[in-house]
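> dropping a prediction and its sequence here:
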Amino acid sequence: MVRIPLTPADRERGERLGAVLREARGDRSIGEIAALAGVSAETLRKIETGRIPTPAFFTVAALAAVLDLSLDRLPGAAESVRAGRT
């Protein structure tokens, strides 16, 4: 299977998603949130740092549920993070 290279926009979107998740996690540990979501701590760490810019939908959904984030609001939240950096 050939993987299509990510564009700079894809990478930026992944970084924004990671920032939203990191902010929602707050003081809670990566290990705690990852365990509750059923993903590895390393996976969550990579998502939060943008090293996995396109995580699977079900991974994002599980993390959103644990972090009490609405999937409907994630794109807007990611845009807010972007606006805050400019």
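Yep, that arrived.
> buried residues in the longest helix anywhere in the chain?
Counting residues, the longest helix found in the chain (DSSP state H) is helix 8-25. Buried residues in helix 8-25, counted by 16 or more other C-beta atoms under 10 Å: 12-22, 24-25. Every C-beta, even on glycine, is put in place using the N, C-alpha and C of the backbone.
> same deal with stretch 38-48?
For stretch 38-48, burial by neighbour count (16+ other C-beta under 10 Å) applies to 39, 43-48.
> lowest-confidence helix or strand of the protein?
Every helix and strand in the chain was compared by mean pLDDT, DSSP states H and E; the lowest is helix 74-85, with a mean of 66.
> buried set for stretch 24-38?
Neighbour-count burial for stretch 24-38, counted by 16+ other C-beta under 10 Å, picks out 24-25, 30, 33-34, 37.
> quick one: low-confidence residue ranges for the chain.
Applying pLDDT under 70 to the chain flags the ranges 77-86.
> hmm, back to that, please convert the buried residues of helix 8-25 to TSV, extending it with distance to residue 59.
Shown next, in TSV, are these (distance: C-beta to C-beta, whole Å):
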residue	distance to residue 59
12	19
13	15
14	12
15	16
16	16
17	11
18	12
19	16
20	14
21	10
22	15
24	15
25	14
